[in-house]
Structures are given as structure tokens and as C-alpha cells.
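A.B. asks: Need coordinates for the following:
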Amino acid sequence: MNKLEVETKQWLGMPLNLIWGYLAIALFMTGDGFELAFLSKYITDLGFTESQSSSAFAVYGFAAALAAWISGVLAEIITPRKTMIIGFVMWCVFHALFLVFGLEGKSYPMIMLFYGIRGFAYPLFLYSFIVMIVQNVKSTQISPAMGWFWTTYSVGIGVFGSFIPSLTIPVLGEMGTLWLALAFCVAGGLVALTMLRNVNSESPMHDLPMKEKFGELSRAVTLLVTNRQILFSSWIRIINTLSLFGFAVIMPMMFTRELGFTTSQWLQIWTVFFATTLVSNVFWGIVGEKLGWIKVVRWFGCIGMAVSSLVFYYLPQWYNTVAPGGMEGASTAEFMMAWIPAILLGWFVAAFVPMTAVFTTLEPKHQGAAISVYNLSAGLSNFVAPAIATLLLPSFSFIGVVYAYTALYIFAFAVTFLLRVKQPGFDVYGRKETNA
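C.D. replies: You can find the predicted model right below:
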């Protein structure tokens, strides 16, 4: 992968030559995020079971994991912009099919088919832009640049993606809101199509024979065997967003059915979570360069998420006095109290931002393959989180799922002690080096 050795003009870590790409991500993920915090509940409202709903998300996550795996190397082979366009077109087509034949037709097989295929689309758009970032910034700029990447991701999928539906569902209904999502994804796709044409996308892989290109694609899997440090990093990245994707499936049901919150109140709580990440993504990206990538991931990512996941469950349960099925929803005090765990979760989930730099540093000669493993791990998180919910909900309810996520964050904390990453200015144990 081509690496620039000149400083890229930036603002607080954001590479300004990629600003249109960041905007495209924000717009596209707004549309993709409309469903995140209410679709699981809406599927059950159509008459399907909670396990069927979480199974649909698991299939979606599995397809997303496959697409995430190939996105890094594919972006190197055909350029990130072309890969983003493929993802954009696929998303629009299969979103429409999902709505018409799946949800409107109340057909569970069609929901599983078209929602699953649509899950293959968004990672091609989203994660290909990571390759564009790595191609256009120095290694010392990757962590803050990725902080901005996850910030714009959060602006889309979380802030606007949750807040706008909280306003449109009472007016347009769930289906009208899901159709409105298409407009935002079209806008993001058009920005990528028209405004990223002149961005650097040079890669040595462009001139390789097709056999060698496919060999590099297979390396995205073999790295997990040949490089144990990549394997350990993959485990940590999978665990990173378990609560993000898992809580989006189980918490709408818990808050609205057990605690008496309205759907709009839940969506606004989820908006608070993502709004927090607008600051925390950039903050941890910068702090990771100063304090050390692994220290930030270990103490603030793993431990922070273990604690905040438990708080997200227990604090609303403890403070709640609304009877299930209440017509008016939670009181103002109960609603505001639920903001506390949302803010904590949003603050600590971003402490995993330095993991992108960890992957590329561990495989400097095969950064496209390393990014593909990173993307695969992120996609597997999207699969594993609802899969855990599917397995545990029938027997252990919501608390069993929360405990499972918490235990995995503790496991990730232990795994960080196995990592040996040579961050610039630090030794392989994460200790800051001092000049003689």
C-alpha cells in the first residue's frame, strides 16, 4: 500500500484532503442507522418472536462480516472509491427489496434474504474509506484520522440516525421512516461518486497479476494464523462493539416493554450515546498518540466498557418506577437518569479507536490485508453481538446477555497483555521511550 511521507494538512487530526469522504460517510450512515435502534422491536411488532428478530440481525451481521473481510483488499485492487460505489448501489437496491417483500409482505424468509444481502453492502462503502485514509496520511496520523472516521460514523448511524427517527416515526410511521433512509444513503453515495475522484488511491496491487491479487485477498485470512499478534488484536476488535450492536437489539425491547419508556424516548437515549462518541472518538484518537495505544484500549476501552455495560442495565432498572405498558412513558427524571449509562457507554467504546493503527503497525508490508482483518473483526462484532442475544435471551433474558458482554470485555482486557506493538515513541510493552 502506498504511504505518503509528507505531512497531510489537517485540522485537529482530520486530513482536510479527505473531508468530502468524511461527509459521505456521515450521510450514508445516517440512512443506514435509521433502523438500528427500532427495527428489532418493529419486527416483533409485526408478529415475529424476539429470537426471530435477533436471528435476522445475526444473519445481517454475518453478511456484513464477509463484506468487511474483503473490503480492505478489494479497495486496494479496484480503488476505495469504486468499492464504495459498489456498496452504495447494492445497499439502495436491496434496501428497497427488504422493505417491499420483507417487511411490507411480512415474509420472514424475505426479511432474512434481503436484509442479509443488504448487510453485505454497507461495509463495502464504510470500510473501504479506511483504506483511503491509510493511503493518504502518515502512520503517525492514522489514529487521530480514524478518530474522525468513527466520529463521522457516529454522527450518521447514531446521532442523526437515531434522533431523526424519533421525530419521524410519530408522523411517518416505521415504514415511512425506513423509506426516508434511502434519501440519505443516496446523498452519501453521490458525494463519494462525485467528490472523491481526485483523491490519491495509488497502490502497488493495481499492477499485480490477478493471481497475486487473489493471493493478497486470502492473506486477510492467513494473517490470523501466521501472525498471532493480529489474531489477538482481532479478538479485541470483535469484542470492542459488542454492546453497541447488542444493545441496539435488546435494549429497545427492555426499555419499552419492561421499563415503560416510549420508542421515541429510547431513540433519544440512543442518540445521547452516539452524540457522546462525537467527542470521545476524537479525544481517544489523540490521547492514544500521547498515552499509548494499548494503555488506552486496555484501561479505558476494556474496563470502561465492562463497567458501563453493567450500568446501562442496572441503573435504569434501579431508578425506574414506570409500570410496563405505561401510556405516557418514563418521567423526565427517569428519562434523564438513563442518559448517564448512555454517556458512559459512548465515552468508553471510543477508547478502542487506536486499534486501526495497531493492525497496520503489526503488518506494515501488508496493510491492506491487515485492514481487511480489522474490518472482518468489526463485521464479526456485528454478527456475534446479536448471535449471543439469540442464544441467551430465551433462557437468561436481558441480564444474561449483558453479563456475557461484560465477561468478554474482561477477557479482552486480559488479551491486551499479550500484545507487543511497536508504536512510534513507545516500546513493545507500551512504555514511553525517553531520549538519551
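
A.B. asks: From here on, just use CA atoms for contacts and neighbour counts.
C.D. replies: OK.

A.B. asks: Contacts only, for Ala407.
C.D. replies: Applying C-alpha atoms under 8 Å, 6 or more residues apart in numbering to Ala407 gives the contacts Ala306.

A.B. asks: State the distance from it to Ile86.
C.D. replies: 38 Å (C-alpha to C-alpha, to the nearest Å).

A.B. asks: for Ser143, same thing?
C.D. replies: For Ser143 relative to Ile86 (C-alpha to C-alpha), the value is 27 Å.

A.B. asks: Between those two, tell me which one has more neighbours.
C.D. replies: Using other C-alpha atoms under 10 Å as the criterion, Ser143 and Ile86 rank with Ser143 on top: 27 against 15.

A.B. asks: Was I right to think the more buried one contacts Pro354?
C.D. replies: Yes. Counting by C-alpha atoms under 8 Å, Ser143 sits close enough to Pro354 to count as a contact (5.4 Å).

A.B. asks: what is in contact with these two at once?
C.D. replies: Residues touching both Ser143 and Pro354 (C-alpha under 8 Å, 6+ apart): 285, 288.

A.B. asks: For Gly288, grab the count of nearby residues.
C.D. replies: By other C-alpha under 10 Å, 25 other residues sit near Gly288.

A.B. asks: show me what contacts it?
C.D. replies: By C-alpha under 8 Å, 6+ apart, Gly288 lies in contact with 143, 294-296, 354.

A.B. asks: And Leu345, by the same measure?
C.D. replies: 273, 304-305, 308-309, 312.

A.B. asks: Figure out how far the helix ranked longest in the chain is from the centre of its chain.
C.D. replies: Looking across the chain with DSSP state H, the single longest helix is helix 367-415. Remark: helix 367-415 is offset 12 Å from the chain centroid, using C-alpha atoms, centre = their mean, to the nearest Å.

A.B. asks: got it, and stretch 415-433?
C.D. replies: Distance, centroid of stretch 415-433 to centroid of chain: 25 Å (C-alpha atoms, centre = their mean).

A.B. asks: Kindly indicate the member of the contacts of Leu345 with the most neighbours.
C.D. replies: Going by other C-alpha under 10 Å, Met305 tops those with 30 neighbours.

A.B. asks: nearest residue to it other than its sequence neighbours?
C.D. replies: For Met305, ignoring the flanking residues on the chain, the nearest one in space by C-alpha to C-alpha, 6 or more residues apart in numbering is Phe348 at 5.8 Å.

A.B. asks: how about the strands in this protein?
C.D. replies: Remark: strands assigned in the chain by DSSP state E are 10-11, 14-15.

A.B. asks: now the first one: mean pLDDT?
C.D. replies: For strand 10-11, mean pLDDT rounds to 66.

A.B. asks: got any ranges where the stretch 201-350 of the chain has weak pLDDT?
C.D. replies: 201-217, 321-328 (pLDDT under 70).

A.B. asks: need the contact list for Gly105.
C.D. replies: Counted by C-alpha under 8 Å, 6+ apart, Gly105 has zero contacts.

A.B. asks: And it, how far from Gly116?
C.D. replies: Distance from Gly105 to Gly116, by C-alpha to C-alpha: 16 Å.

A.B. asks: In contact with Met253, which residues?
C.D. replies: Going by C-alpha under 8 Å, 6+ apart, the list of residues near Met253 reads 40-41.

A.B. asks: now do Leu278
C.D. replies: Counted by C-alpha under 8 Å, 6+ apart, Leu278 has contacts 150-152, 154-155.

A.B. asks: Apply 6 Å and report the result again.
C.D. replies: Thr151 (C-alpha atoms under 6 Å, 6 or more residues apart in numbering).

A.B. asks: Now do the phi/psi pair for the residue lying closest to Val421 once chain neighbours are set aside.
C.D. replies: Counting by C-alpha to C-alpha, 6+ apart, Val421 lies nearest to Val428, which is 4.8 Å off, once chain neighbours are set aside. With angles defined as degrees, to the nearest 10, Val428 sits at phi -70, psi -10.

A.B. asks: How much space separates Val428 from Ser51?
C.D. replies: Counting by C-alpha to C-alpha, the gap from Val428 to Ser51 is 44 Å.

A.B. asks: of those two, who's got more company?
C.D. replies: Per other C-alpha under 10 Å, whichever of Val428 and Ser51 has more neighbours is Ser51, with 19 against 13.

A.B. asks: My guess is the more buried one contacts Thr390. True?
C.D. replies: Yes. At 5.3 Å, Ser51 and Thr390 qualify as touching, with contact defined as C-alpha atoms under 6 Å.

A.B. asks: if we look at stretch 349-366, which residues are touching it?
C.D. replies: 143, 280-281, 284-285, 293, 296-297, 300-301, 367, 370.

A.B. asks: any chance of those in TSV, with distance to Leu180 too?
C.D. replies: Shown next, in TSV, are the contacts of stretch 349-366 (distance: C-alpha to C-alpha, whole Å):
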residue	distance to Leu180
Ser143	34
Ser280	29
Asn281	28
Trp284	33
Gly285	33
Trp293	39
Val296	38
Val297	37
Phe300	37
Gly301	34
Gln367	37
Ala370	36
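
A.B. asks: Ranking by neighbours, what's the top pick from those?
C.D. replies: So for these (other C-alpha under 10 Å), the most neighbours sit at Asn281, 32 neighbours.

A.B. asks: Now do it against Tyr314, distance only.
C.D. replies: On the measure of C-alpha to C-alpha, Asn281 and Tyr314 end up 25 Å apart.

A.B. asks: before we move on, what about Arg197?
C.D. replies: 49 Å.

A.B. asks: ditto for Met305
C.D. replies: 14 Å.

A.B. asks: Likewise for Gly116?
C.D. replies: 33 Å.

A.B. asks: Neighbour count: the two, which is higher?
C.D. replies: Gly116 (22 against 15).

A.B. asks: and the spatially closest residue to that one that is not a sequence neighbour, how many neighbours?
C.D. replies: Nearest non-adjacent residue to Gly116, counting by C-alpha to C-alpha, 6+ apart: Tyr60, 4.3 Å away. As a burial measure, Tyr60 scores 25 neighbours (other C-alpha under 10 Å).

A.B. asks: again with the one 10 residues further on
C.D. replies: Here the count is done by other C-alpha under 10 Å, and Ile70 has 25 residues near it.

A.B. asks: The nearest residue in space to it that is not next to it in sequence and Phe114, how far apart?
C.D. replies: Nearest residue to Ile70, sequence neighbours excluded (C-alpha to C-alpha, 6+ apart): Ser372, at 6.0 Å. Counting by C-alpha to C-alpha, the gap from Ser372 to Phe114 is 24 Å.
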